[in-house]
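>>> return atomic coordinates for the entry below.
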Amino acid sequence: MKLQVLKTIEKYQMISHGETVVLAVSGGVDSMVLMDLFVPLAKDWDLTLVIAHMDHAKRACSTLDAELVHQIAKKHHLVFEKKILPQQKASGNFHAYARKGRYAFFKEVAKKYHASKIVTAHHADDHLETIIDRLMKTEVPAGLIGVMPKGHVEDVPVIRPLIEVKKKAIYDYAKQFAIPFHEDVSNESDDYLRNRIRHHVAPHLITERPDIIKHVRALSDHLSEDEAYFEKQIDQLMVEVKQKEHGYEFSLAWLQRLPSSLYRRILLRLLPEITKGALCELNIFLNNGSPSGICHVGGDKVVRKSYDHVHIVPSEFDDIKLEFSIKLEINSENELPDGRKIVLTQGKILENRREILENRRFDEKVKKNEAQGTYLCYNSIRMPLTVRHRQAGDRIQLIGKQGHATVKKIMIDAKVPIYERNNWLMIVDANEKLVWIPELKKSPVCLEKPNSNKDLWLEICE
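Predicted coordinates for the structure are as follows:
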């Protein structure tokens, strides 16, 4: 078995000479054998070992596990760290709670001792049981990867040197070398699905196909390579997703053109906590033909659709309406609620601005990044100007047309997302007459070029 473990370490390039590693040791046979294997390995590879033990405090004899691990660590002059798992405050999945607590502790220990890796005792049977469990729960290929030889806990690498070793070999090793360990009696109960898989399902599969453990390991490695390829594809596609202040925005048409394998992975990248049920509902929502709507996807996230715009935001920011009204002084600069700035200039400052504009080369890249702006006829405006949020009933007179158009109709025609309409900037004069709707429409008081030094330049810039 020692040879098998060394082959696994070298095959997956798990360890380098001179590293400090944290061994997660529970006191069970798997982790106690792991510690026994790593003691001589540490001497050969010049490793510094730190033993980390989490007491789950679920059994009266759990303190004995800690004492055993501490005793063996002390025997080999190894650093020992222990933590008692805090009692779970709310009802829920204890196994998920305990796992999260364990890895938080392991990461804490790794940081304390500047360790480069966490080492766990997951073995080949663990991997088979995980695959069987996932077959009943997951609908995506990545879910069938199972327990990988190498992984991460946030930013700390995790390695599993026993991942190609069968449970029977671990027991045989413990017996041969008299390795002390404690059995967790809860592992014998059929109350948990994982135990039922271990006791009743996995043995039948091994009987039918003795090499199934090796088979699922190869399958997982292939799936892992495939997922790594898809992740690179998603990295490249993410340039089409705009990161907003409170979420993400992208084109629905763009998403729908993607192959289903990439379509699904984009949504999973943007909504990593989404359940398979919520993902199915979201897919129906995005493709139901309705021009707009809201889909609650769980995890305090909502997806809003309006024409070709899809916006993912935390539910706390859903349908936020900003109410603002800022009076603009001539030759002044004001910050807008969205972080941009609005500038109103006249006279010498306007002449300087005009010279900059006229001398600039307006290639496509410059146009794209150029501030939104317009000249205004000073004699046709009742000062002061105000920039405010959109209000019900807003109307604007359009250049070359009789009467007024409603802002609502202008926005519908321009397919402005519903969730952006209320916060759109409106420039009005002292009589509340709309003079400019940035990016959409201008009134007759807007000029192509200034006629005099009294005329104004109004711009919105980043």
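>>> V302 bridge partners, please.
Beta-bridge pairing for V302 (DSSP bridges): H296, V313.
>>> so it sits right up against V310, yeah?
No: if you go by C-beta atoms under 8 Å, V302 and V310 don't touch, sitting 11.2 Å apart. (Each C-beta comes from the backbone N, C-alpha and C, glycine too.)
>>> more neighbours: which of these two?
Per other C-beta atoms under 10 Å, whichever of V302 and V310 has more neighbours is V310, with 25 against 21.
>>> pLDDT wise, what is that one at?
For V310, the pLDDT comes out at 91.
>>> and it, what element?
strand 309-314 (DSSP states H and E).
>>> any idea how far G247 is from I294?
To I294, G247 is 13 Å away according to C-beta to C-beta, to the nearest Å.
>>> what mean pLDDT does stretch 334-353 get?
Per-residue scores along stretch 334-353 average to 76.
>>> show me the shaky parts of this structure.
60, 316-322, 347-371 (pLDDT under 70).
>>> okay, now the domains of it?
2-229, 241-317, 325-461 (automatic domain parsing).
>>> figure out which of those is closest to D235.
domain 241-317 (9.0 Å; C-beta to C-beta).
>>> and the closest one, how far from the chain's centre?
14 Å (C-alpha atoms, centre = their mean, to the nearest Å).
>>> got it, and stretch 231-246?
11 Å.
>>> what segments of the stretch 351-462 of the chain are strands?
Taking DSSP state E, counting those that start in this stretch, the strands of the stretch 351-462 of the chain run over residues 372-376, 385-388, 395-397, 404-406, 426-428, 434-437, 441-442, 446-447, 456-461.
>>> possible to save those strands as a markdown table with distance to D65 and mean neighbour count?
Below are these laid out as a markdown table (distance: least, C-beta to C-beta, whole Å; neighbours: other C-beta atoms under 10 Å):
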| stretch | distance to D65 | mean neighbour count |
| --- | --- | --- |
| strand 372-376 | 66 | 19 |
| strand 385-388 | 66 | 19 |
| strand 395-397 | 75 | 18 |
| strand 404-406 | 73 | 14 |
| strand 426-428 | 68 | 22 |
| strand 434-437 | 69 | 22 |
| strand 441-442 | 73 | 20 |
| strand 446-447 | 78 | 17 |
| strand 456-461 | 64 | 20 |
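>>> let's have the ones you listed in TSV, adding distance to R196.
Shown next, in TSV, are those (distance: least, C-beta to C-beta, whole Å):
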stretch	distance to R196
strand 372-376	63
strand 385-388	64
strand 395-397	69
strand 404-406	64
strand 426-428	64
strand 434-437	64
strand 441-442	66
strand 446-447	73
strand 456-461	63
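>>> how about those strands, which one is nearest D125?
strand 456-461 (62.5 Å).
>>> show me what that closest one packs onto, helices and strands only.
strand 341-345, helix 348-359, strand 372-376 (3 or more C-beta pairs under 8 Å, 6 or more residues apart in numbering; DSSP states H and E).
>>> neighbouring contacts of whichever strand or helix holds F38?
Applying DSSP H and E as the criterion places F38 in helix 29-45. For helix 29-45, contacts defined as C-beta atoms under 8 Å, 6 or more residues apart in numbering pick out 1-2, 5-6, 15, 17-19, 21, 23-25, 47-49, 51, 68-69, 72-73, 76, 78, 119-123, 161-162, 167, 170-171, 173-174, 177, 179-181, 183.
>>> ChimeraX command to pick out the buried ones of those residues?
Applying 16 or more other C-beta atoms under 10 Å to the contacts of helix 29-45, the buried members can be selected in ChimeraX as follows:
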select :5,15,19,21,23,24,25,47,48,49,51,68,69,72,73,78,119,120,121,122,123,161,162,167,170,173,174,179,181
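>>> residues contacting the residue lying closest to K82 once chain neighbours are set aside?
Excluding its sequence neighbours, the residue lying closest to K82 (C-beta to C-beta, 6 or more residues apart in numbering) is H53, at 4.8 Å. Counting by C-beta under 8 Å, 6+ apart, H53 touches 25-27, 65-66, 69-70, 80-83.
>>> of those, which is the nearest to R395?
Looking across the contacts of H53 and measuring by C-beta to C-beta, the closest to R395 is K83, at 66.1 Å.
>>> what is the neighbour count of that closest one?
K83 has 17 neighbours, counted by other C-beta under 10 Å.
>>> name the element it belongs to?
Judged by DSSP H and E, K83 forms part of strand 79-84.
>>> residues in contact with that strand?
49-55, 57, 66, 69-70, 73-74, 105, 109, 112-113.
>>> just the buried residues of those.
49-55, 66, 69-70, 73, 105, 109, 113.
>>> list the buried residues of stretch 233-243.
234, 237, 241.
>>> got the end-to-end distance for that stretch?
18 Å (C-alpha to C-alpha, to the nearest Å).
>>> same check on stretch 190-207?
End to end - C-alpha to C-alpha - stretch 190-207 spans 21 Å.
>>> just name whatever secondary elements the biggest helix by length in the chain is in contact with.
Ordering each helix of the chain by length in residues (DSSP state H) puts helix 212-237 first. Contacting helix 212-237 under the criterion 3+ C-beta pairs under 8 Å, 6+ apart are the following elements: helix 124-135, helix 202-208, helix 260-270.
>>> same thing but at 6 Å, please
Secondary-structure packing of helix 212-237 (3 or more C-beta pairs under 6 Å, 6 or more residues apart in numbering; DSSP states H and E): helix 124-135, helix 260-270.
>>> pull the distance from it to the chain's centre.
Per C-alpha atoms, centre = their mean, the centroid offset for helix 212-237 relative to its chain is 20 Å.
>>> got the angle for that helix vs helix 124-135?
60 degrees (axes from the mean of the first three to the mean of the last three C-alpha atoms, to 10 degrees).
>>> and the nearest residue to M54 once chain neighbours are set aside, how far from E129?
Leaving out its chain neighbours, the residue that sits closest to M54 by C-beta to C-beta, 6+ apart is R102, at 4.8 Å. Counting by C-beta to C-beta, the separation of R102 from E129 is 18 Å.
>>> before we move on, the earlier item: which of the contacts of strand 79-84 fall in helices?
Here DSSP H is the test, and the contacts of strand 79-84 give 66, 69-70, 73-74, 105, 109, 112 as lying in helices.
>>> could you identify the most distant pair in the residues you listed?
K74 and F105 (19.8 Å).
>>> how many neighbours does K301 have?
The number of residues near K301, taken as other C-beta under 10 Å, comes to 20.
>>> contacting residues around it?
With contact set as C-beta atoms under 6 Å, 6 or more residues apart in numbering, K301 has no partners.
>>> mind running it again at 10 Å?
247, 270-271, 273-274, 278, 282, 295, 312-315, 318 (C-beta atoms under 10 Å, 6 or more residues apart in numbering).
>>> what do you get for A392?
The contact partners of A392, by C-beta under 10 Å, 6+ apart, come to 406-408, 422.
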